[in-house]
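>>> okay, here's the prediction I keep looking at, along with the sequence it came from:
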Amino acid sequence: MEMKPFRFNTILNYRKRLEDLAVTRLKEARNAQQIVLLKLKNAEKQLSQLIDDLDALQKEPLSILDLIHYENRITYMKKNISAIRKTVKEKTDLVELERKNLLRKTQERQIMESLKERQNKAWQEYLNKKEIAMLDELAVTRHDFEI
């Protein structure tokens, strides 16, 4: 029974789709991370502005209610910044996870491509040996026929 080559095209196409999906997921994770980082930067800027405003207002007489309002707002902003930092950490971890996933998918596809190349080379060597054997047999038959 003659050996037939296994076709890797379907598997390689599938691996390429997985790799493309991993690239898309990494881009989405990075975009989400950038959005949260921007949100953190804005919140920190607002907190800084709020503290500066309070410092400026304290140079003049300030009612207790206004002072309490500013202090409550500053406390709220600090909690908000803490929550945003936690989200930034989660998004950063997700980006790292997606980056590793992309790396793994790329390596798997490259392994399959090299396996395909080796298999194609082995198949070509098999065909070459078969052709040489047929030519040898043809030469022997022709030589016997001439004698």
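Good, I have the coordinates.

>>> low-confidence ranges, this protein, go.
The model of the chain has pLDDT under 70 over residues 1-6, 143-147.

>>> can you rerun that using 80?
1-8, 62, 142-147 (pLDDT under 80).

>>> so Ala29 makes contact with Lys100?
No: in this structure, Ala29 is not within contact of Lys100 by CB atoms under 8 Å, at 11.4 Å. Yep, even glycine has a C-beta here, placed from its N, CA and C like the rest.

>>> so which of these two has more stuff around it?
Between Ala29 and Lys100, counted using other CB atoms under 10 Å, the more crowded position is Ala29 (20 against 12).

>>> in contact with that one, which residues?
Listed by CB atoms under 8 Å, 6 or more residues apart in numbering, the contact set of Ala29 reads Lys91, Leu94, Val95, Leu97, Glu98.

>>> so of those residues, which ones are in helices?
Lys91, Leu94, Val95, Leu97, Glu98 (DSSP state H).

>>> which of those residues count as buried?
Lys91, Leu94, Val95, Glu98 (16 or more other CB atoms under 10 Å).

>>> in TSV: these, plus distance to Asn13.
Shown next, in TSV, are those (distance: CB to CB, whole Å):
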residue	distance to Asn13
Lys91	32
Leu94	27
Val95	27
Glu98	22
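
>>> between the residues you listed, which is closest to Ile84?
Distance to Ile84 across these (CB to CB) is lowest for Lys91, with 10.2 Å.

>>> mind listing what that closest one touches?
Ala29, Ala32, Gln33, Val36.

>>> which one is it nearest to, not counting chain neighbours?
Gln33 (4.0 Å; CB to CB, 6 or more residues apart in numbering).

>>> what helix or strand is the one you found on?
Gln33 is located in helix 9-58, with elements delineated by DSSP states H and E.

>>> now that helix, how far from the chain's geometric center?
Taking CA atoms, centre = their mean, to the nearest Å, one finds helix 9-58 lying 15 Å from the centre of the chain it belongs to.
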